[in-house]
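1. Structure of the sequence below:
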Amino acid sequence: GNVMLMENHCHSLVAWHMLEAKHATLVHIDAHDDCRPLSEEKLHRIRALLEAGDYDQVFEQSDTERFLNLKVRDEDLLYTLGDFIYPAMELGLVSNTYWIVPQPVITPAERDRLTALMKTNLPGASVTSTRFPAGGFELSWRGRFFRVITFEDLPALPSGCLLDIDIDVFAFRKAMTEEHLVAQVNRNPADVFKYLEEKVPAPAAVTISASVWGGYLPLLLRFLADAAFDFYTTGSFPADAEILLNSYKDIRTGLAELPPPPSNETYLPAWLHFSALTHLSKGDAELCLKHLSRAADICPVYRKGLLDAAEALTSMGRNTEAMGFIEKFEARGGRTYNSRAVRALSLLKSGDAKTALDISHELHGWSSNPYTMLIYGSALVANNRGEEAKKVFQELLTKAPGHSAAHFNLGLIHQQAANAPAAITEYERAIRSKTDFWQARENLGHLLLETGRLTEAEDMLKSTLQINPYSVTSVNNLGLALARQRRYAEAIEMFRKGLSLAPRSSTLKLNLAEALHATGRAKEAYDLCEQVIDTEDEVKARALMRKLQAATPNGD
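-> This next block holds a predicted model:
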């Protein structure tokens, strides 16, 4: 009927045109405005294709996956996830818009920021005197209005509106931020849908989007898009989605017992994805791969889970297995922008900086967007071309002041140059911009550890593991921070946790052996050292074995 579920949000424009929307009121539920301006040339091309009913061509020239599949360059797309509302307004499909943001209150600072954004997006717009109790505001633009408000200030609207729901509204704390909520959603989706049913009765169309490939919605929450579709087609929030939502927090932090399989097959890919991550949290990459592959076979968007797992395995130092996941992804649909990027990141972690640079240079030639610039700059750093990398990151900061990843990489350059104070400053800037930036927290924690600020290091590394419980580096460094405070029992527990994620790590084995030695458990420590023989850490292992033998003259 008039309820449509799409992977990429930009196709709402096509949906509204297919349903012959004219000067409609749009209720846009989203963490992003999606209303950046387009050129007159692109508007003309969009109008011509839509009026001709050539929806296939519109799809081909706007779908996010066409860019990701290396078929259409970003600059050649007619429009994207970030600007499809603008042509809807210019072409007369939409006259007035309510943009509903995630936060319950728009603070004065946030209002100023969002006002500046919308004045840029809608040239010539002016702020009216209308004010909303929760801090929202209204702009007037060419005889239309664009209101930026919270759920709490949404008025009761007449029937016939366009209701547009991007599921990422549940994943962010506030509008227009890089920072996802960690292991939670900001509102109960079932309550939101019921509330919208009252406020926006009998909509002319309901468009529901996941936009996982746009990098906005974590794949773990993709099932909420199905839940929204089911709610608007059946009238009730599905029980299977409720069960998955209740399990989400525990799954996200790696603590969960998996719920039983869903009764509705629609939710099976999500359950398999949850199952895969549960196995990964226990170090079982084989079962993780099996369940992710099955999920991807049922619902193609879950193929992204293979790349997410590859990144997690890379952070565990399990680079060979990570490459296997990337190969499985590419076997299902060929090389993509994302798979090439993750491959470059994994190669950087494994020490193959030359190949990583080749790939990132290729990606940079395809698109010089911030993500590509970051990978390219990182590869330059790894190839000891720090001055070139600095220019890349400084250029990025010129384009996007305060960009968290640019500050992170500048921190990395300073860290490699043994300039700890400058590196700490850049990592702190990165974290201020994006508080869930676990890589910046991990590196900052390491520097705090190395400079003897042990309690600060402990706090920083604990916060890292709340965001990414799979980071073996942070687990190891937290163990060291505890051991250096002589809290050996806690350190031993942490090193053992690390070995559950990376069973072959000689670094973890030796650090665990040192902690065991400190508590008088020489036999266990000696056995661990023997496991490290014939690895790159053999010299360290033999040195510790000699120390253990000297400490236990009776051979115990």
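
2. looking at the sheet around V27, what are its partners?
-> Following DSSP bridges, V27 is listed with bridge partners Y98, L163.

3. distance of it from K547?
-> With distances defined as C-beta to C-beta, to the nearest Å, the gap from V27 to K547 amounts to 69 Å. No exception for glycine: its C-beta is placed from N, CA and C like everyone else's.

4. Comparing these two, which residue is more hemmed in?
-> V27 (23 against 15; other C-beta atoms under 10 Å).

5. Return the distance of the more buried one relative to Y195.
-> 12 Å.

6. Lowest average confidence across helices and strands, show me which element that is in this structure.
-> Scoring the helices and strands of the chain by mean pLDDT, DSSP states H and E places helix 538-551 at the bottom, with a mean of 86.

7. Where do the strands of the stretch 51-200 of the chain begin and end?
-> Counting by DSSP state E, counting those that start in this stretch, one finds strands in the stretch 51-200 of the chain at the ranges 94-101, 126-131, 137-141, 144-150, 162-166.

8. so which of the ones you listed gets nearest T64?
-> Shortest separation from T64 across these is recorded for strand 162-166, at 13.2 Å, computed as C-beta to C-beta.

9. Tabulate the CA atom coordinates of that closest one in PDB.
-> Listed in PDB are the C-alpha atoms of strand 162-166, where the atom choice follows Å, rounded to 0.1, in the frame of the first residue of the first chain:
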ATOM      1  CA  LEU A 162       4.000  12.300   4.500                       C
ATOM      2  CA  LEU A 163       5.500  10.500   7.400                       C
ATOM      3  CA  ASP A 164       9.200   9.800   6.900                       C
ATOM      4  CA  ILE A 165      11.000   7.700   9.500                       C
ATOM      5  CA  ASP A 166      14.800   7.100   9.500                       C
END
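
10. pLDDT below threshold where in the protein?
-> 253-256, 552-556 (pLDDT under 70).

11. ok, M373 - contacts?
-> Taking C-beta atoms under 8 Å, 6 or more residues apart in numbering as the criterion, M373 is in contact with H364, V392, F393, E395, L396.

12. now stretch 339-348, how far from the chain's geometric center?
-> When C-alpha coordinates are averaged (C-alpha atoms, centre = their mean, to the nearest Å), stretch 339-348 and its chain have centres 16 Å apart.

13. same deal with stretch 184-197?
-> Stretch 184-197 sits 22 Å away from the centroid of its parent chain (C-alpha atoms, centre = their mean).

14. Show me what it is in contact with.
-> So stretch 184-197 is contacted by 27, 29, 102-103, 151, 163, 165, 169-173, 221, 224, 227-228, 231-232, 237, 241-242, 245, 248-249 (C-beta under 8 Å, 6+ apart).

15. Just the C-alphas of that stretch, formatted as CSV.
-> Taking only C-alpha atoms (Å, rounded to 0.1, in the frame of the first residue of the first chain), the coordinates of stretch 184-197 have been written out as CSV:
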residue,chain,number,x,y,z
GLN,A,184,21.1,1.8,24.1
VAL,A,185,18.4,3.5,22.1
ASN,A,186,17.3,7.0,23.0
ARG,A,187,13.5,6.2,23.0
ASN,A,188,11.3,3.1,23.0
PRO,A,189,10.4,2.6,19.3
ALA,A,190,7.0,1.0,20.0
ASP,A,191,6.0,4.1,22.1
VAL,A,192,7.3,6.4,19.4
PHE,A,193,5.3,4.7,16.7
LYS,A,194,2.1,4.8,18.8
TYR,A,195,2.7,8.5,19.6
LEU,A,196,3.1,9.2,15.8
GLU,A,197,-0.1,7.3,15.1
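
16. buried set for it?
-> V185, N186, P189, A190, V192, F193, L196 (16 or more other C-beta atoms under 10 Å).

17. now do stretch 214-227
-> In stretch 214-227, residues buried by neighbour count (16+ other C-beta under 10 Å) are 214, 216-227.

18. picking up where we left off before, looking at the buried residues of stretch 184-197, spot the one nearest E426.
-> Here the nearest of the buried residues of stretch 184-197 to E426, counting by C-beta to C-beta, is N186; it sits at 29.6 Å.

19. Next one: that closest one from I243, what distance?
-> Between N186 and I243 the distance is 20 Å, computed by C-beta to C-beta.

20. among the buried residues of stretch 214-227, which two are most distant?
-> Taking C-beta to C-beta as the measure, the buried residues of stretch 214-227 have their most distant pair in G214 and A227, spaced 19.4 Å apart.

21. contacting residues around stretch 479-486?
-> Outside stretch 479-486, the residues that reach it (C-beta under 8 Å, 6+ apart) are 445, 449, 454-455, 457-458, 461, 488, 490-492, 494-495, 498, 508, 511-512, 514-515, 518.

22. buried subset of these?
-> In terms of neighbour count (16+ other C-beta under 10 Å), the buried residues within the contacts of stretch 479-486 are 445, 449, 454, 457-458, 461, 488, 490-492, 494-495, 498, 508, 511-512, 514-515.
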